[in-house]
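Enquirer: model this:
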Amino acid sequence: MFSLFIGSILQFFVASTNQGVISPLGDQNMLSRHELSLETRYPDSFVNDVMKKNILLTVDYMGGGFTIEPGQTVSFHDVKLPKYEAATPLLSVHFSGAEGFLSDGWIVGDGVCHLASLISWVAKDAGLTVEAPTNHDFREIPEIPKEQGVSVYSNPFQRLRSEPQNLYILNSLSHPVEFVFDYDGEVLEISTVEGTL
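Expert: So this is what the prediction gives:
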């Protein structure tokens, strides 16, 4: 059943790519863009497949993209540091098996940090204010510069561990910023485009 669900996600993203998910205004309002291959997350093919499915499932939970309004702060997940209590969470899931996330034998939800790191990198390059209290420098993330690595963990029963392993993004610009996800069956690209009020 889960493999059918992941297959549907993959078909959705490939179909979306073919229809052109990128902003209808084209590159004229593009703020930033970065990508990573979902085929090179880990040298072992089984682990790589788990990471890829977890990343795509997370994108699906995000609705395939999101917008941050001027003055708005978002958090990657909903277990937040007290100073970010008013932040809007992008996710209300905790990367558990009950929510469809897979384990590669090490942790359930492995690969989600790769997505958070890509989002953080794109947000910084778009001129947004980003805080990621816990760097992912304990392990390399392929295609992500070490200084851009973000560690995420979400368990409402382990708040002291979860709150600093989050990603917080403030849009201090005067216009909305849209995060657009584009997956062609191999490469996941995230672009930010300038939205309209």
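Enquirer: Surely residue 46 and residue 104 touch.
Expert: Yes. Applying CB atoms under 8 Å, one finds residue 46 in contact with residue 104, separated by 6.9 Å. All C-beta spots, glycine's among them, are computed from the backbone N, C-alpha and C.
Enquirer: shaky segments in this structure?
Expert: 1-28 (pLDDT under 70).
Enquirer: at 50 instead, please
Expert: Applying pLDDT under 50 to the chain flags the ranges 1-25.
Enquirer: In it, mark out all the strands, start to finish.
Expert: For the chain, applying DSSP state E gives strands covering 30-37, 65-68, 73-75, 88-89, 129-131, 168-170, 177-183, 187-194.
Enquirer: Turn those strands into JSON lines, columns for mean neighbour count and distance to residue 51.
Expert: Shown next, in JSON lines, are the strands of the chain (neighbours: other CB atoms under 10 Å; distance: least, CB to CB, whole Å):
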{"stretch": "strand 30-37", "mean neighbour count": "18", "distance to residue 51": "11"}
{"stretch": "strand 65-68", "mean neighbour count": "18", "distance to residue 51": "21"}
{"stretch": "strand 73-75", "mean neighbour count": "22", "distance to residue 51": "22"}
{"stretch": "strand 88-89", "mean neighbour count": "15", "distance to residue 51": "22"}
{"stretch": "strand 129-131", "mean neighbour count": "16", "distance to residue 51": "23"}
{"stretch": "strand 168-170", "mean neighbour count": "21", "distance to residue 51": "23"}
{"stretch": "strand 177-183", "mean neighbour count": "22", "distance to residue 51": "14"}
{"stretch": "strand 187-194", "mean neighbour count": "21", "distance to residue 51": "11"}
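Enquirer: Make a markdown table from the ones you listed and add distance to residue 53 to it.
Expert: A markdown table is the format used below for the strands of the chain (distance: least, CB to CB, whole Å):
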| stretch | distance to residue 53 |
| --- | --- |
| strand 30-37 | 15 |
| strand 65-68 | 19 |
| strand 73-75 | 23 |
| strand 88-89 | 22 |
| strand 129-131 | 26 |
| strand 168-170 | 25 |
| strand 177-183 | 12 |
| strand 187-194 | 12 |
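Enquirer: For residue 56, find the nearest of those.
Expert: strand 177-183 (7.2 Å; CB to CB).
Enquirer: Quick check: residue 167 touching residue 149?
Expert: No. With contact defined as CB under 8 Å, residue 167 and residue 149 do not form a contacting pair (11.0 Å).
Enquirer: so residue 125 makes contact with residue 32?
Expert: Yes. Here residue 125 lies in contact with residue 32, judged by CB under 8 Å, at a distance of 3.6 Å.
Enquirer: Show me the common contact partners of the two, please.
Expert: Here residue 125 and residue 32 share the contacting residues residue 192, scored by CB atoms under 8 Å, 6 or more residues apart in numbering.
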